[in-house]
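Q: The following block contains a protein sequence and its predicted model.
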Amino acid sequence: MDAVEVRNAETFFASAPPLRDRDAIVAKVEEFVQRRLPTASGNRASRMVCITSGGTTVPLERKCVRFIDNFSSGHRGAASTECFMKAGYSVIFINRRGTAQPFCRFLPEDPLLTCFEPAGDNLIQLIPSHAVAVQKAVTEYHSALNSGHLLNLPYTTLFEYLEILKIVSLSLRQLQRNCMFYLAAAVSDFYVPWQSMVEHKIQSGVGPMAMELAQVPKMLMLLRHLWAPEAFCVSFKLETDVKILIKKAQAAREKYGMHAVVANELETRKQKVIVVTNEGQVLVEKDASQADVEIPLVDFLIAQQTSYIEAGGANVLVV
């Protein structure tokens, strides 16, 4: 573990703005994780996955008007949440506000205005053509929440995302090899440090602006080696050039110690991916009967984690 990276991370968190409702988030996460720990009566630890989804924003002012955005629809994270839950996992879903949500992916883009219509005095009703889809989405989402197997943690900024990820990681370490990190969020590589950020809106009247961005510390390394060192860790690599995709995925796996890196090529990412592990490369693609490539991908990663648990001699939960 590189001491410089540790110091860089410590500096980042020390200078970051306070996370709103931090104590409430810590309590919520800890309570969620505690319910799944093995007990003295012999209950086994259940499997849990932390899924990150969507893209982070980098504020340019403290009272933010302008920001740099890493775009991501959140589709992969939302679809994967559904797949893991169907396989028996509990899910902590760290997601960008306004991006795709599990069980709601097939609703129209603006479901409130699209799926409902006026129905007389101060009443609205579901448009019949959308009724089945809305009922299914609402029923499945609330069933997941009420079962206690889904915890939804929203974020917007890079600061919020990394603070929440650290909180979740430090709590999930209690589950040892029974937890997985599925890091599908599009995280900013560069940011404006809080201490050097202007407070008010940057004025356009002063002419062209030059801005120097700092590099975000490599938090994957800390997660893998310090925060949750026994967790099964999966990261993602997206490229537009397939020629360099596998090389960069292999480099990321080796540098950060990931158990698997999912390599996506932009044009084909919804049909197939290549999973890079220390044993080589595996092509994962959906067949004609599958709506999402996340279905075979999640199945493959669950099998990989099971092998990882068995190799460590930990108590295995069959899912």
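A: In hand now; what should we look at? These figures come from a predicted structure and were not determined experimentally. Numbering: from 1, shown residues only.

Q: which stretches of the stretch 201-319 of the chain form strands?
A: For the stretch 201-319 of the chain, applying DSSP state E, counting those that start in this stretch gives strands covering 214-215, 232-239, 260-265, 272-277, 280-285.

Q: Equivalent analysis for the stretch 1-150 of the chain, please.
A: Using DSSP E, counting those that start in this stretch, strands in the stretch 1-150 of the chain cover 48-53, 57-59, 67-69, 90-96, 116-118, 124-126, 150-155.

Q: do you know how far the nearest residue in space to T277 that is not next to it in sequence is from F300?
A: Distance criterion CB to CB, 6 or more residues apart in numbering; nearest residue to T277, sequence neighbours excluded, is A260 at 5.0 Å. Where you see a C-beta, it was placed from the backbone N, CA and C, and this is true even at glycine. A260 sits at a distance of 9 Å from F300 (criterion: CB to CB, to the nearest Å).

Q: Give me the common contacts of these two.
A: V275 (CB atoms under 8 Å, 6 or more residues apart in numbering).

Q: In terms of neighbours, single out the busier of these two.
A: A260 (26 against 17; other CB atoms under 10 Å).

Q: Report the beta-bridge partners for R96.
A: With DSSP bridges as the criterion, R96 is bridged to Y155.

Q: Make sure it is actually in contact with A184.
A: No: contact criterion CB atoms under 8 Å: R96 and A184 do not qualify, at 11.0 Å.

Q: overlap in contacts of these two?
A: S53.

Q: Check the average confidence over stretch 230-238, would you?
A: Here stretch 230-238 scores 96 as its mean pLDDT.

Q: contact partners of that stretch?
A: Outside stretch 230-238, the residues touching it (CB under 8 Å, 6+ apart) are 76, 169, 172-173, 175-177, 179-184, 186, 220, 223-224, 245, 248-249, 252-253, 256-266, 269, 301, 304-305, 308-309, 312.

Q: Quick one: the helices in this structure, in order.
A: 3-15, 22-34, 75-86, 111-115, 128-146, 158-172, 219-222, 242-256, 294-312 (DSSP state H).

Q: Distance to R62 and mean pLDDT added to those, as JSON lines?
A: Shown next, in JSON lines, are the helices of the chain (distance: least, CB to CB, whole Å; pLDDT from 0 to 100):
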{"stretch": "helix 3-15", "distance to R62": "12", "mean pLDDT": "90"}
{"stretch": "helix 22-34", "distance to R62": "18", "mean pLDDT": "97"}
{"stretch": "helix 75-86", "distance to R62": "29", "mean pLDDT": "96"}
{"stretch": "helix 111-115", "distance to R62": "32", "mean pLDDT": "86"}
{"stretch": "helix 128-146", "distance to R62": "34", "mean pLDDT": "88"}
{"stretch": "helix 158-172", "distance to R62": "11", "mean pLDDT": "98"}
{"stretch": "helix 219-222", "distance to R62": "22", "mean pLDDT": "94"}
{"stretch": "helix 242-256", "distance to R62": "31", "mean pLDDT": "93"}
{"stretch": "helix 294-312", "distance to R62": "38", "mean pLDDT": "95"}
